[in-house]
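Trainee: got a sequence here, can you build the structure:
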Amino acid sequence: MREFVFQARLPRVVFGAGALQHLPREIDALGAKRALVLSTPGQAATAQRLLDLLGPRAAGVFAQAAMHVPTATARAARDEAQRLGADCAVAIGGGSTTGLGKAIALETGLPVIAVPTTYAGSEMTTMYGLTESGAKTTGRDPRVLPRCVIYDPELSCGLPFGITVVSMLNAIAHAAEGLYAPDANPVIDLMAEQGIRTGAAALLRLQRDPRDIDARGDALVAAWLCGTVMGNITVGLHHKLCHTLGGSFKLPHAEVHTVVLPHAMAYNAAAAPHAMRRIAGALQEGAVLYMLLYALMILFFSYFWVATQFNELQIADDLKKNGGYIPGVRPGQQTSEYLHKAMSRITLAGAIALTIIAVIPIMLNAELRIPYAVATFFGGTSLLIVIGVAMDTMNQIESQLIMRHYDGFLGPRGRRLRGRRSY
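Mentor: Reported below is the predicted structural model:
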C-alpha cells in the first residue's frame, strides 16, 4: 500500500482566449488599487498595453526583468514598487518575469498576479530563485505563490516554434520528475502524466501551425498541470543541475532544461522504471515526435559541447606562435577555417552515431514492445559503457602483453602484436 501526504497549494486560475480582459476584475478581487506591471525589456510594449487596460489601477511599469533574477534587479523592482505606492504586482511574460514578482513578494509580501506568455509553469509554485555573483540560490516560501494566474492563449500565439519547444520541454521536465519524486501521490501522478501527454500532443499540432489557438490553449493547460506538479513535490537531480548550470554560467533556463532532461532521465531510468513507463506511455501518441526531439537534443548538445571545448581560433594562434602548421594550409585565418571545417565534419559523424545509439532503446520499446529496462541493454548509455569497458580491457591486456614480451596475440596467424623474439 502506498502511503502519502497531500496538501494542495494552488492559486486562483483564470483560463481562456481573451482572459487578459479580466485582469482589472482580479485586481479588484485582491482589494488592490495600484498595480506595478513587471516585464522584460523585450515585452515593454505588452506591459504598456496592460497599463492602458488597467487605467487608474496602474501604478507604473518596471520592464527590467532578467534571467535567473539578479538580486540587484530584485532590489530595484522592490524600491520602484515602494516609490510608486504599488499594492500589488502584475508579472507578464515567462519565468524571468514571474521570478521577479516572486522576489518582490518574498521581501514585501506584495500580492502577485501572473500572466504567463510561455510554458515555464513556475507561476504555479512556491519556488523562487535569486542570483548573485554567479551563484543561484533557490528556496520555497508560500508568500511567493501568485494569488491569481491568468492563462490567455492569445498572448503566446506569436511565440516562435523553437522557443515553444524548449519552453514546453521545461514544463515536461517538471512532470517527469514528479513521477518519481519521494513525496508524489496519485493525484500528482495523474496530473504529471496528463501534462506530458497534453504538452507533447500540442507540440505536434503547433509544428504544423504555430498560431493554432486551440493548440496554444492545450499547451497552456499542459504548463498549468506540469507547474502544479512541481509546486507540490520535491525536485530532484534534473532541476538542481539546471539551476546550478544556469545561475553559474548565465545560460538560458528553458534551453538548459532541454539539454539536461534526456541525460537526467537516462541516469534515473534504472532506479525509477515505473515512472519511465508512465512517461513513455504519455508520449506514445507522439512517439515519432519524441524520438525526433530526443535526436535533435543530442545533436544540439554534441555541437554545444564541442563549441565550449574546442577553440579553433586559439589553436590556430598557438600553432602560428610556435612555428607549427598544417601542410598545404596557410597559418592564421586559413588554419582556423580549416580546423573549424574539419571539426564540424567530425562532430557531425560523432553526433549521428551517438544519436543512433541513444534512440535504439526507444525504437525497441516502441516497435517491438521490449520492456524499456531490457531495451536499454542494447543501446543508450549501457551500450557505450559496455563498449568503453571492452576497449579499455583490450588496451590493458595489450599493455600487459607488451610489458612481458609475449610473442604475438590472438593466435599464430593474424597476430595483432608482435613481441620480441629470443634467438
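Trainee: what about the stretch 101-250 of the chain, any weak spots by pLDDT?
Mentor: Within the stretch 101-250 of the chain, the set of residues satisfying pLDDT under 70 is empty.
Trainee: how about the helices in it?
Mentor: Per DSSP state H, counting those that start in this stretch, the stretch 101-250 of the chain carries helices over the ranges 161-178, 186-208, 213-230, 237-249.
Trainee: same list (those helices) but as CSV, adding distance to residue 50.
Mentor: Every C-beta, even on glycine, is put in place using the N, C-alpha and C of the backbone. Below are the helices of the stretch 101-250 of the chain laid out as CSV (distance: least, C-beta to C-beta, whole Å):
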stretch, distance to residue 50
helix 161-178, 21
helix 186-208, 25
helix 213-230, 18
helix 237-249, 28
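Trainee: quick one: closest of those to residue 345.
Mentor: Relative to residue 345, the nearest member of the helices of the stretch 101-250 of the chain by C-beta to C-beta is helix 161-178, separated by 24.8 Å.
Trainee: residues of the closest one that come out buried?
Mentor: Buried residues in helix 161-178, counted by 16 or more other C-beta atoms under 10 Å: 163-178.
Trainee: go on, stretch 383-399?
Mentor: By 16+ other C-beta under 10 Å, the buried positions in stretch 383-399 come out as residue 383.
Trainee: sorry, back to before: so for residue 13, which of the helices of the stretch 101-250 of the chain sits nearest?
Mentor: The nearest among the helices of the stretch 101-250 of the chain, by C-beta to C-beta, is helix 213-230 at 6.7 Å.
Trainee: show the subsequent helix or strand relative to the host helix or strand of residue 296.
Mentor: For residue 296, the enclosing helix or strand under DSSP states H and E is helix 287-309. Using DSSP H and E, the helix or strand that follows helix 287-309 in sequence is helix 312-321.
Trainee: give me the residues contacting that next one.
Mentor: 324, 325, 326, 331, 332, 333, 335, 336, 339, 340, 343 (C-beta atoms under 8 Å, 6 or more residues apart in numbering).
Trainee: tally up the residues packed near the last one, please.
Mentor: By other C-beta atoms under 10 Å, the residues close to residue 343 number 16.
Trainee: all further residue positions should be reported with the first residue as 54.
Mentor: Understood, numbering begins at 54; the last thing we discussed is residue 396.
Trainee: for residue 355, which non-adjacent residue is spatially closest?
Mentor: Leaving aside its sequence neighbours, residue 355 sits nearest to residue 404 (C-beta to C-beta, 6 or more residues apart in numbering; 3.7 Å).
Trainee: that's a helix at the one you found, yeah?
Mentor: Yes - assessed with DSSP: H, G, I helix; E, B strand; the rest coil, residue 404 lies in a helix.
Trainee: where's it relative to residue 313, distance?
Mentor: Distance of residue 404 to residue 313, given as C-beta to C-beta, to the nearest Å: 17 Å.
Trainee: got it, and residue 195?
Mentor: 28 Å.
Trainee: quick one: which of those two has more around it?
Mentor: residue 313 (20 against 8).
Trainee: and the average pLDDT for the helix or strand where the more buried one lies is what?
Mentor: For residue 313, the enclosing helix or strand under DSSP H and E is helix 306-321. Taken as a whole, helix 306-321 has a mean pLDDT of 92.
Trainee: how far does it sit from the chain's center?
Mentor: Centroid separation for helix 306-321 versus its chain: 6 Å, with C-alpha atoms, centre = their mean, to the nearest Å.
Trainee: check the average confidence over the helix or strand where residue 454 lies, would you?
Mentor: Assigned by DSSP H and E, residue 454 falls within helix 433-456. Averaging pLDDT along helix 433-456 yields 80.
Trainee: tell me what angle that helix forms with helix 306-321.
Mentor: On the basis of axes from the mean of the first three to the mean of the last three C-alpha atoms, to 10 degrees, helix 433-456 is oriented at 60 degrees to helix 306-321.
Trainee: how far off centre is helix 433-456?
Mentor: Centroid separation for helix 433-456 versus its chain: 34 Å, with C-alpha atoms, centre = their mean.
Trainee: next one: the nearest residue to residue 117 once chain neighbours are set aside, what pLDDT does it get?
Mentor: Spatially, and ignoring its direct neighbours in sequence, residue 117 is nearest to residue 126 (5.8 Å; C-beta to C-beta, 6+ apart). The per-residue pLDDT reported for residue 126 equals 96.
Trainee: for residue 126, give me its contacts.
Mentor: 117, 118, 119, 153.
Trainee: ok, of these, which one's closest to residue 131?
Mentor: Closest approach between the contacts of residue 126 and residue 131, by C-beta to C-beta: residue 153, at 9.7 Å.
Trainee: how near is the closest one to residue 95?
Mentor: 14 Å.
Trainee: what of residue 346?
Mentor: Going from residue 346 to residue 95 by C-beta to C-beta gives 26 Å.
Trainee: of the two, who's got more company?
Mentor: Per other C-beta under 10 Å, whichever of residue 346 and residue 95 has more neighbours is residue 346, with 22 against 10.
Trainee: out of everything not next to it in sequence, what's closest to residue 69?
Mentor: residue 205 (7.1 Å).
Trainee: re earlier: counting by contacts, list what the helix holding residue 349 packs against.
Mentor: helix 239-261, helix 306-321, helix 386-420 (3 or more C-beta pairs under 8 Å, 6 or more residues apart in numbering; DSSP states H and E).
Trainee: residue 233 contacts residue 288, correct?
Mentor: No - at 11.2 Å, residue 233 does not count as touching residue 288 under the criterion of C-beta atoms under 8 Å.
Trainee: so what sits against both of those two?
Mentor: With contacts defined as C-beta under 8 Å, 6+ apart, no residue is shared by residue 233 and residue 288.
Trainee: I'd like to know how many residues surround the residue nearest to residue 355.
Mentor: Neighbour count for residue 404, taken as other C-beta under 10 Å: 19.
Trainee: list the contacts of it.
Mentor: Residues counted as contacts of residue 404 (C-beta under 8 Å, 6+ apart) are 351, 352, 355, 356.
Trainee: how much space separates it from residue 133?
Mentor: Residue 404 sits 46 Å away from residue 133, going by C-beta to C-beta.
Trainee: what sits closest to the residue nearest the centre of the chain if chain neighbours are left out?
Mentor: Geometric centre of the chain, nearest residue: residue 310, 1.3 Å, by C-alpha atoms, centre = their mean. In this structure, residue 310 finds its nearest non-sequential neighbour in residue 223, 4.2 Å apart by C-beta to C-beta, 6+ apart.
Trainee: nice, that's everything, thank you.
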